[in-house]
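Peer 1: Got a predicted structure here, sequence first:
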Amino acid sequence: MYADYHMHTSFSSDSEAPMEHMILGAIHRNVPRVCFTEHMDFDFPTGEFDFLVDMPAYREKLLELRKKYEDKIAINFGIELGLQPHLTGKLPSFAAGYPFDFVIGSVHVADGCDPYDRIFFENRSEEEAYRSYFTCLLENLKVFSCFDVCGHIDYVVRYGPNRNLYYTYEKYRDILDEILRVLVQKGIGLECNTAGFKYGLGHPNPTEKILSRYRELGGEILTLGSDAHAPEHIAYDFERAGALLKECGFHYYTVFRNRKPEFLPL
């Protein structure tokens, strides 16, 4: 079983799972290593969630449980930063201010709202909404370099009116290739997020063709994450994902400790 490098607990606003329950779930599934990546989205639109982590409490609980389960599983300290271009004065200093093992950079807010909210898709076509999201992602990638891997780069597709029915790499190739080139040039990795399977898309986020294209462009840093918010979703469809990544041209996947990559065989 592969390491799961994208997991949330009750320290994230959208999860009710105690950290210890997540750890026990990972042990039950024979996952050798996990990295908790709680949501930290500064200036998230006002609504149901605030996505701000109590960092001292999060760090204290992780260290306590790391010690408790050290003979059963490796537990790493991470964060999922919500990228917005106006946060250039805040995110780099935040990422550098804690001894993180791993930092994901993700876009959850585009055009002032989360694509999870139906408002994002109102008064424009699905393609216009998808392109707007990708444009925002690209803008963020150009101004930030304070994270190790870019999370679920086609996140928007989970919530589109038709989800991935009409979505293909080829249709958005122009901007997706630009996104992938920036990642490769900056030495920032890509995440294979298996929540796409959980959401019934039949593919990870991003899709196989995007993963293959990243590899063609010279991308090597690739992490596996379930985006689990509950124990039953830990390492979701990882065996399927491992086979898929091999077909996409990868021989290794990546884990991080102290913000340094380590390559493990698929």
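Peer 2: Good, I have the coordinates. None of these values were measured; they are calculated from a predicted model.
Peer 1: just the helices in the protein please.
Peer 2: 19-28, 55-68, 91-96, 126-143, 173-186, 195-198, 208-216, 238-247 (DSSP state H).
Peer 1: any idea how far Gly219 is from Asp174?
Peer 2: The spacing between Gly219 and Asp174, counted by Cβ to Cβ, to the nearest Å, is 18 Å. Yep, even glycine has a C-beta here, placed from its N, CA and C like the rest.
Peer 1: And those two? Which one has more around it.
Peer 2: Shown here are Gly219 and Asp174; by other Cβ atoms under 10 Å, Gly219 has more neighbours (20 against 10).
Peer 1: contacting residues around the residue lying closest to the more buried one once chain neighbours are set aside?
Peer 2: Among residues not flanking Gly219 along the chain, Val184 sits closest, at 5.0 Å (Cβ to Cβ, 6 or more residues apart in numbering). Each residue near Val184 by Cβ atoms under 8 Å, 6 or more residues apart in numbering is listed here: Tyr214, Leu217, Gly218, Gly219.
Peer 1: could you redo the last one with a cut-off of 6 Å?
Peer 2: Leu217, Gly218, Gly219 (Cβ atoms under 6 Å, 6 or more residues apart in numbering).
Peer 1: just Glu20 next, same as before
Peer 2: Per Cβ under 6 Å, 6+ apart, neighbours of Glu20: Leu65.
Peer 1: Just the pLDDT at it, thanks.
Peer 2: pLDDT, Glu20: 98.
Peer 1: okay, now Ile179: neighbour count?
Peer 2: Counted with other Cβ under 10 Å, Ile179 comes out at 24.
Peer 1: Could you report the separation of it from Ile210?
Peer 2: Distance from Ile179 to Ile210, by Cβ to Cβ: 9 Å.
Peer 1: Ok, Arg163 next?
Peer 2: Counting by Cβ to Cβ, the gap from Arg163 to Ile210 is 16 Å.
Peer 1: These two: who's more crowded?
Peer 2: Comparing Arg163 with Ile210 by other Cβ under 10 Å, the one with more neighbours is Ile210, at 25 against 17.
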